[in-house]
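Peer 1: predicted model follows, preceded by the sequence.
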Amino acid sequence: MEYSVKVDAFEGPLDLLLHLINRFEIDIYDIPVAKITEQYMMFIHTMNELQLDVASEYLVMAATLLQIKSKMLLPTYEEDMDEIEMVDEEDPREELMQRLIEYRRFKEAAVELQKLEEDQSHVYTKPPSNVQINAEERTQPQDEGLDISLYDMLSAFQKLMKRKQNKKPMQTKIARQDIPIDKRMSEIVNELKAFKGKKSFYQLFPYQERDHIVVTFLAVLELMKENEIVVEQQHNLDELYVSYRERNEEV
Amino acid sequence: MTTNNLQAIIESLLFVSGDEGLSISRLAEIIEKPHEDIQGALESLEQECEFRGVTLVEIGGAYQLVTKKEYAPYIEKLVEAPANQSLSQAALETLAIVAYKQPITRAEIEEIRGVKTERPLQTLIGKVLLKEVGRAEGAGRAILYGTTKEFLGYFGLKSIEELPPLPEDLLQEGTDQEADLFFQSFQEMK
Amino acid sequence: MTTNNLQAIIESLLFVSGDEGLSISRLAEIIEKPHEDIQGALESLEQECEFRGVTLVEIGGAYQLVTKKEYAPYIEKLVEAPANQSLSQAALETLAIVAYKQPITRAEIEEIRGVKTERPLQTLIGKVLLKEVGRAEGAGRAILYGTTKEFLGYFGLKSIEELPPLPEDLLQEGTDQEADLFFQSFQEMK
């Protein structure tokens, strides 16, 4: 039962196996298959007993373990004096061992990344300054590729979410309620119509509430899709400008 | 905390605040130092800015770091000069519209973009990303545009069907927390 | 233009660019000075930052000003950052695999992790830490994933080469040991 609390703690069957290997101080190069299979099956049973959803990958691994175990029981290792042949003999554990070792490398690499992440989380920057130099039609070249504009969009959104943290919470928080996206869409259209020009993407986010930001972002995407609005990048810094798409709009 | 240190703390806070700036009382509150100390550190920070690219200004009670006026020409160059030569925003837009809506006439593209599109269209034809693919039916028999083989090559596509889905489909949850909200919003959109 | 002046110009440009940063060649192009001069000025700017609240870092070939780690507690009071929203274990593993094996398909990632990886992959794309970088050859033309510039920024890396080396493949050592052992017993038998 002690595993019951750890169900979510494993990333998958390989992670679980590595845990068992550590816990029982098993040599990864010489895994006692019978023992580890027993422990593994116990874990699966516990999950079942607790009526937890056992991901199919765990069951596939259970089958693999049982298969290896049965292969190990077969008397393939003759007491032969010719050791050279014995070396060539395929160890049924070989493939699993390789996978475990490979996975462990990346698991360790992930730990290193986490350290870097932690380290870097104490470093702060500022967004590019909003430099206004008669911002009229100044079409800026982009990087190659159609998908670039999407990543620019996502990137801008990420930066916005980060920037959001830099603001003091609004004195009057909007009530935590679901903001219907089409309501927000018409709000944006009206706002842009009234503004008659290009508005900074970030100005569309008056409330620093996460929910509101997300709904606004969805509304902007939906309006883009419906060609109600135009989103463009004015310069190579990160500002995106949004305007209402009018027919025969002046260049 | 030395004076020097206090000054550095203030600088880091002002740096992060950017265009927002910070008032003396807000700084005092964060650093937990009396107003006079903050005031003093701000003054010496300002003095120290003499040889720097940025300086300290007070706007409506909020202190902020700004670039010096004398360097404005460089900043303008930074903002104006494109970082790399590629397609303009207008050309990319036009390209996207044609790619997803081909065959399409110029009038239809302009309808979608809301602006004249002659030049980007010429640029794209010049770069062999677009070409004439026929004539529309009806009075004007307007030229229809479509993408070229070179277009597919440029974006590494086998066929036009391989184009990535339009943005709304590509929207991904930023974090797991958001997932519910996104799902909910999408439900509402339907 | 004095050296000091050059340094100040660079500082003003870096200040404006914020987290976008600027490469040496971009700086050289704007200021119209040789690369070596820019490089030199960047070095002295970095030295000068010793007593400041900000410092100079290079991320993915772009230089940028960032606050010093030691002042993070004050900035966190200002921005009221929520307790470090770090990436999930699944996301970190996925990121590690892509970082060291890019370009890589989802199937290949799942092969290594032994579990479905669609969600962490989508989350990471949403956070712009990963992106599609092309298509694999062969039947399915599966999407290939790679790291982004934001990835380098997120982990504070100068370039992808700066990633800590992937933990040694212990397998090699292991088989070598076995081989030695075998050889030894073989010797003894003679």
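Peer 2: Great, that's in hand.
Peer 1: by mean pLDDT, flag the weakest helix or strand of chain B.
Peer 2: helix B:167-170 (a mean of 34; mean pLDDT, DSSP states H and E).
Peer 1: show me where chain B has helices.
Peer 2: B:3-17, B:24-31, B:35-48, B:72-80, B:89-101, B:106-113, B:118-126, B:149-154, B:167-170, B:176-189 (DSSP state H).
Peer 1: chain C is nearest to which of those?
Peer 2: Proximity to chain C (Cβ to the nearest Cβ) singles out helix B:3-17 among those, at 3.2 Å. Quick note: C-beta positions are derived from backbone N, CA and C, even for glycine.
Peer 1: for the closest one, list the C-alpha coordinates in CSV.
Peer 2: The C-alpha trace of helix B:3-17 is given here as CSV (Å, rounded to 0.1, in the frame of the first residue of the first chain):
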residue,chain,number,x,y,z
THR,B,3,24.6,52.7,0.3
ASN,B,4,26.1,51.2,-2.8
ASN,B,5,24.0,48.1,-2.3
LEU,B,6,20.9,50.1,-1.8
GLN,B,7,21.5,51.9,-5.0
ALA,B,8,22.0,48.6,-6.9
ILE,B,9,18.7,47.3,-5.4
ILE,B,10,16.9,50.4,-6.6
GLU,B,11,18.4,50.1,-10.0
SER,B,12,17.3,46.5,-10.4
LEU,B,13,13.8,47.4,-9.3
LEU,B,14,13.6,50.3,-11.7
PHE,B,15,15.0,48.3,-14.5
VAL,B,16,12.3,45.6,-14.1
SER,B,17,9.6,48.3,-13.8
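Peer 1: what comes up buried for it?
Peer 2: By 16 or more other Cβ atoms under 10 Å in any protein chain shown, the buried positions in helix B:3-17 come out as B:6-17.
Peer 1: check stretch B:50-67 too.
Peer 2: Residues B:52-56, B:62-67 are the ones in stretch B:50-67 that count as buried (16+ other Cβ under 10 Å).
Peer 1: what about it and chain C, any contact?
Peer 2: Yes. Against chain C, stretch B:50-67 shows contacts by Cβ under 8 Å from any Cβ of the partner chain at B:51-54, B:65, B:67.
Peer 1: contacts for that stretch, please.
Peer 2: Residues from elsewhere that reach stretch B:50-67 (Cβ atoms under 8 Å, 6 or more residues apart in numbering or on different chains): A:129, B:11, B:14-15, B:17-24, B:27, B:42, B:45-46, B:49, B:68, B:71, B:75, C:4, C:7-16.
Peer 1: in a markdown table, list the buried residues of stretch B:50-67 along with distance to residue B:163.
Peer 2: What follows is those, written out as a markdown table (distance: Cβ to Cβ, whole Å):
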| residue | distance to residue B:163 |
| --- | --- |
| B:52 | 49 |
| B:53 | 44 |
| B:54 | 45 |
| B:55 | 49 |
| B:56 | 50 |
| B:62 | 47 |
| B:63 | 50 |
| B:64 | 45 |
| B:65 | 44 |
| B:66 | 44 |
| B:67 | 42 |
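Peer 1: which two from those end up farthest apart in space?
Peer 2: Largest separation among the buried residues of stretch B:50-67 by Cβ to Cβ: B:53 and B:62, giving 20.6 Å.
Peer 1: circling back to that earlier point, the buried residues of helix B:3-17: which ones sit near chain C?
Peer 2: Counting by Cβ under 8 Å from any Cβ, the members of the buried residues of helix B:3-17 near chain C are B:7-17.
Peer 1: residue furthest from the geometric center of chain B?
Peer 2: residue B:139 (41.6 Å; Cα atoms, centre = their mean).
Peer 1: can you give me the distance of that residue to residue B:107?
Peer 2: Note on residue B:139: its distance to residue B:107, by Cβ to Cβ, to the nearest Å, is 12 Å.
Peer 1: cool, and residue A:28?
Peer 2: From residue A:28 to residue B:107 the distance is 68 Å (Cβ to Cβ).
Peer 1: number of residues surrounding residue 70?
Peer 2: Just so you know, I chose chain A. 12 (other Cβ atoms under 10 Å in any protein chain shown).
Peer 1: sorry, should have said chain B
Peer 2: For residue B:70, using other Cβ under 10 Å, the count is 12.
Peer 1: check which helices and strands the helix or strand hosting residue A:109 is in contact with.
Peer 2: For residue A:109, the element it lies in under DSSP states H and E is helix A:94-120. Helix A:94-120 sits against helix A:13-23, helix A:56-73, helix C:89-101, helix C:106-113, helix C:149-155, helix C:170-189, with contacts defined as 3 or more Cβ pairs under 8 Å, 6 or more residues apart in numbering or on different chains; DSSP states H and E.
Peer 1: for chain B, what are the low-confidence residue spans?
Peer 2: Along chain B, segments meeting pLDDT under 70 span B:1-4, B:80-90, B:114, B:154-156, B:164-190.
Peer 1: for chain A, what are the low-confidence residue spans?
Peer 2: A:1-9, A:50-53, A:75-89, A:130-179, A:207-211, A:214, A:225, A:233-240, A:247-251.
Peer 1: ok, 90 please
Peer 2: For chain A, the stretches with pLDDT under 90 are A:1-12, A:16, A:19-20, A:22-25, A:38-59, A:69-93, A:118-251.
Peer 1: coming back round to it: pick the most buried one from the helices and strands packed on helix A:94-120.
Peer 2: helix C:89-101 (a mean of 23; mean count of other Cβ atoms under 10 Å in any protein chain shown).
Peer 1: just checking, residue A:198 touches residue A:241?
Peer 2: Yes. Assessed by Cβ atoms under 8 Å, residue A:198 is found in contact with residue A:241 at 4.0 Å.
Peer 1: for residue A:37, see how far away residue A:63 is.
Peer 2: Residue A:63 is 11 Å from residue A:37, by Cβ to Cβ.
Peer 1: name the helices or strands packed onto the helix or strand that contains residue A:45?
Peer 2: Assigned by DSSP H and E, residue A:45 falls within helix A:33-49. Judged by 3+ Cβ pairs under 8 Å, 6+ apart, helix A:33-49 is in contact with helix A:13-23, helix A:56-73.
Peer 1: return the last one as CSV; C-alpha atoms alone will do.
Peer 2: The C-alpha coordinates for helix A:56-73 follow below in CSV (Å, rounded to 0.1, in the frame of the first residue of the first chain):
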residue,chain,number,x,y,z
SER,A,56,-1.8,0.9,-20.9
GLU,A,57,1.9,1.4,-21.0
TYR,A,58,2.2,-0.1,-17.5
LEU,A,59,0.4,-3.2,-18.6
VAL,A,60,2.5,-3.5,-21.7
MET,A,61,5.6,-3.4,-19.5
ALA,A,62,4.1,-6.0,-17.2
ALA,A,63,3.7,-8.3,-20.1
THR,A,64,7.3,-7.6,-21.2
LEU,A,65,8.6,-8.4,-17.8
LEU,A,66,6.7,-11.7,-17.6
GLN,A,67,8.0,-12.6,-21.0
ILE,A,68,11.6,-11.9,-20.0
LYS,A,69,11.1,-13.8,-16.8
SER,A,70,9.9,-16.9,-18.6
LYS,A,71,12.8,-16.7,-21.1
MET,A,72,15.2,-16.5,-18.2
LEU,A,73,13.8,-19.8,-16.8
